[in-house]
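Enquirer: Sequence first, predicted coordinates after that:
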Amino acid sequence: MKSTACHFSRALGSALLLAFATVLSQAQDLKNDSALRIASGPAGKIYELMVRDIQAVCGASTPVRSVASTGGLQNLSILSANESELGIVQLDTLKDMGAGDENIRNLQAVMPLHNNLLHVLALARGSAVGTKTLGGVTVPYTGSTVVVGKFSELKGRTIAVVGSAQLMGSTLERQLRYDMQFIVADSDEHALKLLREGSVQAVFTLGGWPLPSIVRHNINSGLALVEYDLAPQSPYLVVKRNYQNLEAFNRNFLAVPNVLMTRPFKVGGSMGTQVKTLQNCLRQHLDDFQEGRYQAVWKEIKDTNTYYGLPAFASTNVTRITTNSRL
């Protein structure tokens, strides 16, 4: 009995030592983790893929790692909470949220990036609206079928919004007064489920071109891209893009610029020096990003000193332009 107790005591002691060593190791790893954290987006979407590109090109001089998020809107919260040093955000989201949040208003622009496109999906055959049910069964000859092919046909419709499209949808509603109703979807998959079951008549999802969550669908999916047929209002613009997989050619999309933002670090400080090193690497290797085997959105960057009137990080000779200008 005494021997058993002794063995148990030694085992418990070993377990406690192991646990203590693990905690110390994790704490040391955290302390030694000098990689710059970049708030990006969901795995496999453009923001996250761009951080992978940055790791490949600039990781040797400035280690970086991606902080997963739902997109630009959450990236602002992550930056404000000091949970990342940098983040990719949309210009409209940044200006809207910065109006009431000093932490967001004080963020600084490191580099202009690509445009995010508002991808609007609808069912090619149309959606049933106004149908009545009795005991869970649809009453024949009630309701109608609505086919949405252009943005102007979304008046009074219910739309599933994914990530930062939630705020963009609200902004568009304020501008247009279309009486659009929005349902927040957890993901692109959830939004499409709502569309196919008839809970919404369209889906709003944002991202650079080509957006992986759009490319994966073909013409037999029953989905169609809705064209933006209105005049854009600041800070938005209209660009033309193709999605051959959905037979959408020379299609107009509403777009908004993205910017890589950072917290207001001291230029000569430890973090400020790392951010400056990364900024220099991004500028110096822009040709590599644009000509190498990286995301196509890098090709949209024309002037690395364009900041849309935002405060710029450690930069001189800054070109300040209006939010209607193209990137």
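Expert: Received the coordinates, thanks. Numbering: from 1, shown residues only.
Enquirer: Which secondary structure state is assigned to I104?
Expert: helix (DSSP: H, G, I helix; E, B strand; the rest coil).
Enquirer: Could you give the number of residues near it?
Expert: Counted by other Cβ atoms under 10 Å, the residues lying close to I104 total 20. No exception for glycine: its C-beta is placed from N, CA and C like everyone else's.
Enquirer: W298 should be in a helix, yeah?
Expert: Yes. Counting by three-state DSSP, W298 is located in a helix.
Enquirer: nearest spatial neighbour of it, skipping sequence neighbours?
Expert: F289 (4.0 Å; Cβ to Cβ, 6 or more residues apart in numbering).
Enquirer: surely G41 meets T70?
Expert: Yes. Contact criterion Cβ atoms under 8 Å: G41 and T70 qualify, at 7.0 Å.
Enquirer: which residues do those two both contact?
Expert: Common contact partners of G41 and T70 (Cβ atoms under 8 Å, 6 or more residues apart in numbering): G163.
Enquirer: So which elements touch the helix or strand where D96 lies?
Expert: Element membership of D96 [criterion: DSSP states H and E] is helix 91-98. The contact analysis (3 or more Cβ pairs under 8 Å, 6 or more residues apart in numbering; DSSP states H and E) places helix 91-98 against helix 72-80, helix 102-105, helix 165-176, strand 248-262.
Enquirer: Render the CA-only coordinates of the second one in CSV, please.
Expert: In CSV, the C-alpha atoms belonging to helix 102-105 read as follows (Å, rounded to 0.1, in the frame of the first residue of the first chain):
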residue,chain,number,x,y,z
GLU,A,102,-10.6,57.1,-31.6
ASN,A,103,-8.5,54.0,-31.7
ILE,A,104,-9.6,53.3,-35.3
ARG,A,105,-9.3,57.0,-36.2
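Enquirer: Show me which positions of that helix end up buried.
Expert: Residues of helix 102-105 classed as buried: N103, I104 (neighbour count, 16 or more other Cβ atoms under 10 Å).
Enquirer: Does anything pack onto it? Which helices or strands?
Expert: helix 72-80, helix 91-98.
Enquirer: any chance of those in JSON lines, plus mean pLDDT?
Expert: What follows is these, written out as JSON lines (pLDDT from 0 to 100):
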{"stretch": "helix 72-80", "mean pLDDT": "94"}
{"stretch": "helix 91-98", "mean pLDDT": "91"}
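Enquirer: For L246, find the nearest of those.
Expert: Among the helices and strands packed on helix 102-105, the nearest to L246 by Cβ to Cβ is helix 72-80 (24.3 Å).
Enquirer: Run through who's touching the closest one.
Expert: Taking Cβ under 8 Å, 6+ apart as the rule, helix 72-80 contacts 39-41, 47, 67, 69, 84, 86-90, 93-94, 97, 101, 103-104, 107, 116, 163-164, 166-167, 206, 258, 261-263.
Enquirer: Pull out the buried members of the residues you listed.
Expert: 39-41, 47, 67, 69, 84, 86-90, 93-94, 97, 103-104, 107, 116, 163-164, 166-167, 206, 258, 261-263.
Enquirer: quick one on the thing from earlier: please render the helices and strands packed on helix 91-98 as JSON lines that adds distance to Q274 to the earlier fields.
Expert: Output for those, formatted as JSON lines (distance: least, Cβ to Cβ, whole Å):
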{"stretch": "helix 72-80", "distance to Q274": "15"}
{"stretch": "helix 102-105", "distance to Q274": "20"}
{"stretch": "helix 165-176", "distance to Q274": "30"}
{"stretch": "strand 248-262", "distance to Q274": "10"}
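Enquirer: Pick the most buried one from the ones you listed.
Expert: Among the helices and strands packed on helix 91-98, ranked by average contacts under mean count of other Cβ atoms under 10 Å, first place goes to helix 72-80 (a mean of 23).
Enquirer: Now F182, what are its backbone angles?
Expert: phi -120, psi 140 (degrees, to the nearest 10).
Enquirer: Dig out what it forms beta bridges with.
Expert: I159 (DSSP bridges).
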